[in-house]
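Trainee: No sequence on hand, only this structure:
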């Protein structure tokens, strides 16, 4: 005689799937409160690239501890990576189109750029490389009496209209994904000068592997700039830390100054202190 009730095991659930409550027969499946909240957080992450604990708590009218619990849940499912004060998408920023990268963490980049301003004095000769974080800094340098050398098309256009600055564009081959100039002509132009300060962005900062990029061309430019400057400066917002790139550009101890937008995690703070790197944070 067959069993009165035969229970089949449920199929395995994909790791990233948001769990919904079971449906009532004949009715649409409603999303639970937690699932709706997670969906809103995911939408914000996809739109902005990062979210803030305080802003989410205010927007969703929940406690900051509830937000942190939600972010831990999303991180466990592979949707996000928690950083100081919030979370970011776990896709490296440098792997996105330039316009998309420019929209990510705009306030953090602006705060970081403002923290870097004391490094510059009128009359300095400064190299600024191509990137969205260095572009945020260039906006704040408008009106300063500086000699700017750059391989960044956006920075050249921005600073070229500032009559106080003298702007030199280093030639080379245009790379649209970076909005910059790269190649042997760029390297040749860089090596003809010595800079007071060389300011560079970076894709990731890894405790074991140092400062990393996703492309060889950008790594080569940054190494050449470091060799031609009295003070090498890396700009990196907090979403860059702890990720792996594909090209090891510098060891942590290879640069003079790191500028970021938030206090470093203890392991990174110890590493940079041991390497005698000046750390400036907003």
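Mentor: Cool, the structure landed. Nothing here was measured: the structure is a model prediction, and the numbers come from that model.
Trainee: how about the nearest residue to residue 124, chain neighbours excluded?
Mentor: residue 196 (4.2 Å; Cβ to Cβ, 6 or more residues apart in numbering). C-betas here are computed from N, CA, C, even on glycine.
Trainee: swap that for residue 277, please
Mentor: residue 258 (5.6 Å).
Trainee: do the same with residue 229
Mentor: residue 198 (3.7 Å).
Trainee: Return the list of strands paired to whichever strand or helix holds the one you found, each annotated with direction.
Mentor: Taking DSSP states H and E as the definition, one finds residue 198 inside strand 197-200. The pairing partners recorded for strand 197-200 under DSSP bridges are strand 125-128 (parallel), strand 232-235 (parallel).
Trainee: Give me the next element, helix or strand, following the first one.
Mentor: Sequence-wise, the next helix or strand beyond strand 125-128 is helix 132-140, with elements assigned using DSSP H and E.
Trainee: What residues of that following helix count as buried?
Mentor: 132-138 (16 or more other Cβ atoms under 10 Å).
Trainee: quick one: contacts for the residue nearest to residue 229?
Mentor: For residue 198, the contact set (Cβ atoms under 8 Å, 6 or more residues apart in numbering) comprises 126-127, 129, 225-226, 228-229, 231-233.
Trainee: residue ranges of the helices in the chain, please?
Mentor: Under the criterion DSSP state H, helices of the chain are mapped to 33-48, 53-60, 64-76, 98-102, 106-116, 132-140, 153-160, 184-190, 216-227, 266-274.
Trainee: Could you list the domains of this structure?
Mentor: 33-88, 93-281 (automatic domain parsing).
Trainee: mean confidence score for the shortest one?
Mentor: Right, domain 33-88. Averaged across domain 33-88, the pLDDT comes to 85.
Trainee: ok, now the longest one?
Mentor: Taken as a whole, domain 93-281 has a mean pLDDT of 92.
Trainee: Tell me how far that domain lies from the chain's centre.
Mentor: Taking Cα atoms, centre = their mean, to the nearest Å, one finds domain 93-281 lying 12 Å from the centre of the chain it belongs to.
Trainee: go on, the first one?
Mentor: For domain 33-88, the distance from its own C-alpha centre to the chain's C-alpha centre is 18 Å (Cα atoms, centre = their mean).
Trainee: Can you give me the end-to-end span of that domain?
Mentor: End-to-end distance for domain 33-88: 22 Å, by Cα to Cα, to the nearest Å.
Trainee: Can you report how many residues lie near residue 205?
Mentor: Number of residues near residue 205 (other Cβ atoms under 10 Å) recorded here: 26.
Trainee: Reformat the strands paired with strand 197-200 as TSV; add distance to residue 174 and mean neighbour count.
Mentor: Putting the strands paired with strand 197-200 into TSV (distance: least, Cβ to Cβ, whole Å; neighbours: other Cβ atoms under 10 Å) gives the following:
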stretch	distance to residue 174	mean neighbour count
strand 125-128	17	25
strand 232-235	23	26
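Trainee: dump the residue contacts of the nearest residue to residue 244 once chain neighbours are set aside.
Mentor: Nearest residue to residue 244, sequence neighbours excluded (Cβ to Cβ, 6+ apart): residue 206, at 5.7 Å. With contacts defined as Cβ under 8 Å, 6+ apart, residue 206 is in contact with 212, 242-245.
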